[in-house]
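Visitor: Got a predicted structure plus its sequence, pasted below:
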Amino acid sequence: MINFREEIIKILDEKIENLNKDEINQMIEVPPNYELGDFAFPVFSLAKIFRKNPAIIAEELAGEIESKYFEKVENKSAYINFYINKNILAEEILKETIDKKDEFGKINYGEDKNVIVEYSSTNIAKPFHIGHIRSTVIGDSLKRIYKFLGYNTIAINHLGDYGTQFGMLIYAYKEWGSKEAIEANPIDELLKLYVKVNEEADKSKEVKDKCRYWFKELENGNEEAVEIWKWFKDVSLQEFNRVYDMLDIEFDSYNGESFYSDKMPALIEDFRERNILEESEGAEVINLEEYDLPPAIVVKSDGTTIYLTRDLAAAKYRHETYKPYKNIYVVGSQQSLHFKQLKAALKKAGFDWYDEIVHVAFGMVSLEDGTLSTRRGKVLYLEDVLNKATEKVTHILDEREEEQNIKIENKEELAQTVGIGAIKFQELFNGRIKDYVFDWDKTLSFEGETGPYVQYVHARISSLLKKGNFNIENEFEPSLLNSELEIDIIRSLYNFTDVVIDAHEKYEPYFITRYVVELAKNFNKFYNQTQILVEDEKLKNTRLLLCYGVKNVIKEGLYLLGIKAPEKM
């Protein structure tokens, strides 16, 4: 497909000697509305070079430009505005629609580059709660976005399956636990033990010491401790995988903190040899004062390790194993200091690949009556949220069957597709960095700019194509698409790949969420104001081909958000 931006770069490169192609590319803008053109080029920076008023420079340059790809080039103040030739644009979009079908917009932007995306990273023996939805859904979407752009993606669920909390849980289980109760209801029972041991540890130094003892025994390979820990992990994963199946989320690796336990000694020794570890109150730390950061503890005074130690070992292992272009961590913003220390420690150690680490931060989720806290037992299970959404959609579908005297096929599957899609869409509709309060009514609303609205437009187009006996082999004529409504849709389709590129560069899936909403709105305007199934066969085929293109892009856009696009609703 023609890249109109590149055509502008070629034109301006010949006209402006003082700027190279990269500089021209960076200066090109997309105006806020099409009245100002499809692209605009500001000339303010050329005033000193040409020794003229910027508006005059823009006028003179615009007057010199002629290209079949642009129906007009004019200046508005100190900008050169480029208006794409609509006939060429329509022809390109329809040809691409036929050639690529449901892979419209895919490119090998990241060919031969490996990208790791670490997300979800649930804690073993703790609830998979609503607070985990952000990392899980944002990370899965980023994985899909990078894959769409041709990167080799590696999805890692860095399980929280190690650390002092397991010393606490082992002690709690031995003191108060019941194997039968845990087997019957793993997460609830383990949560009860975790809450109880935290309460007791807050009151008793003896309990704290016993918890530390059992974690040290786990690190030392004590047979009983390891056996209990493995059992906790197995029963937890059974619970977690049920939720991942509901969310349609898969991982390439479940290597969690424990995977790196045998890799830490060599890393610590390497750091000692590099003379970057210092003694501090019995612990070994890396002084990061030169980076304006507090010291990073690597080995605690009792000889045990911490989360940072395991992340250092993980980063080194991933670099050596995957040779990644980027190692992306989708982790809450409250861990920003941790990732700054991680990168700084690797840099100080002399690892020149430290910059491949990217922390994609996001805001916190809280309940209306306060923040979530596993330690206090204050949680809202994610599975309950997904089930409630599915139940609400089921109720809506039941009412529709009764009112319209119809039978909805695969109602159970459809309810889950729409209900869980609504949860994901709402989660990905705003910028990831914002904190938000979880609200049932808002999250499960099906009015306005929502997932169900976009899914319904996809289903409506599917029905229209079937009714119109659409065949991709039918004859079509791009020049017949000349109304503003049709051109707006064509422009939206042309911009799809750029939107995905922006989403991947800024790690923001919400660019795609907003894009599919606008595309769905534009289609609905076109659908409501245009007769599509007309008697003129060529016009009908051309308009149906445009509808087919919209359907494919909506489906692909929803897929990049981890949401399914039903054919019927």
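Guide: Good, I have the coordinates. Remember, it's a predicted structure, so these values are computed and weren't measured experimentally.

Visitor: so how far is the helix or strand harbouring residue 545 off the chain centroid?
Guide: Element membership for residue 545 (DSSP states H and E) is helix 537-560. Relative to its chain's centre, helix 537-560 lies at 25 Å (C-alpha atoms, centre = their mean, to the nearest Å).

Visitor: Output that helix as CSV, nothing but the C-alphas.
Guide: The C-alpha trace of helix 537-560 is given here as CSV (Å, rounded to 0.1, in the frame of the first residue of the first chain):
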residue,chain,number,x,y,z
GLU,A,537,-24.5,-4.2,-8.7
LYS,A,538,-21.1,-2.5,-9.0
LEU,A,539,-22.0,0.2,-6.4
LYS,A,540,-23.4,-2.4,-4.1
ASN,A,541,-20.3,-4.6,-4.4
THR,A,542,-18.0,-1.6,-3.8
ARG,A,543,-19.9,-0.5,-0.7
LEU,A,544,-20.0,-4.1,0.7
LEU,A,545,-16.3,-4.4,0.1
LEU,A,546,-15.8,-1.3,2.2
CYS,A,547,-18.1,-2.8,4.9
TYR,A,548,-16.0,-6.0,4.7
GLY,A,549,-12.8,-4.0,5.3
VAL,A,550,-14.4,-2.3,8.3
LYS,A,551,-15.5,-5.7,9.7
ASN,A,552,-12.0,-7.1,9.4
VAL,A,553,-10.3,-4.1,11.1
ILE,A,554,-12.8,-4.1,13.9
LYS,A,555,-12.2,-7.8,14.5
GLU,A,556,-8.4,-7.3,14.4
GLY,A,557,-8.6,-4.3,16.6
LEU,A,558,-10.7,-6.2,19.2
TYR,A,559,-8.3,-9.1,18.9
LEU,A,560,-5.4,-6.8,19.8
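
Visitor: any idea of the mean pLDDT for it?
Guide: Average pLDDT, helix 537-560: 98.

Visitor: Could you give the secondary structure assignment for the spatially closest residue to residue 277 that is not a sequence neighbour?
Guide: Excluding its sequence neighbours, the residue lying closest to residue 277 (C-beta to C-beta, 6 or more residues apart in numbering) is residue 284, at 4.6 Å. C-betas here are computed from N, CA, C, even on glycine. Under DSSP: H, G, I helix; E, B strand; the rest coil, residue 284 falls in the strand class.

Visitor: isn't residue 284 right next to residue 296, touching?
Guide: No - in this structure residue 284 lies outside contact range of residue 296 using C-beta atoms under 8 Å: 10.0 Å.

Visitor: So which of these two has more stuff around it?
Guide: Neighbours around residue 284 and residue 296, counted as other C-beta atoms under 10 Å, are more numerous at residue 296. The numbers are 25 against 21.

Visitor: now the helices: where do they sit in the stretch 251-400 of the chain?
Guide: Secondary structure of the stretch 251-400 of the chain by DSSP state H, counting those that start in this stretch: the helices cover 264-273, 307-322, 336-348, 382-404.

Visitor: could the ones you listed go into CSV alongside mean pLDDT?
Guide: Formatted as CSV, the helices of the stretch 251-400 of the chain follow (pLDDT from 0 to 100):
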stretch, mean pLDDT
helix 264-273, 95
helix 307-322, 96
helix 336-348, 97
helix 382-404, 91
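
Visitor: how about these, which one is nearest residue 12?
Guide: Evaluated with C-beta to C-beta, these place helix 336-348 nearest to residue 12, the distance being 38.0 Å.

Visitor: mind checking how far residue 320 is from residue 263?
Guide: 10 Å (C-beta to C-beta, to the nearest Å).

Visitor: Between the two, which has more neighbouring residues?
Guide: For residue 320 and residue 263, the more surrounded residue by other C-beta under 10 Å is residue 263, and the numbers stand at 16 against 9.

Visitor: from memory that one sits against residue 313, does it?
Guide: Yes - the pair residue 263 / residue 313 is scored as a contact, 4.4 Å apart, by C-beta under 8 Å.

Visitor: contacting residues for residue 447?
Guide: Listed by C-beta atoms under 8 Å, 6 or more residues apart in numbering, the contact set of residue 447 reads residue 453.
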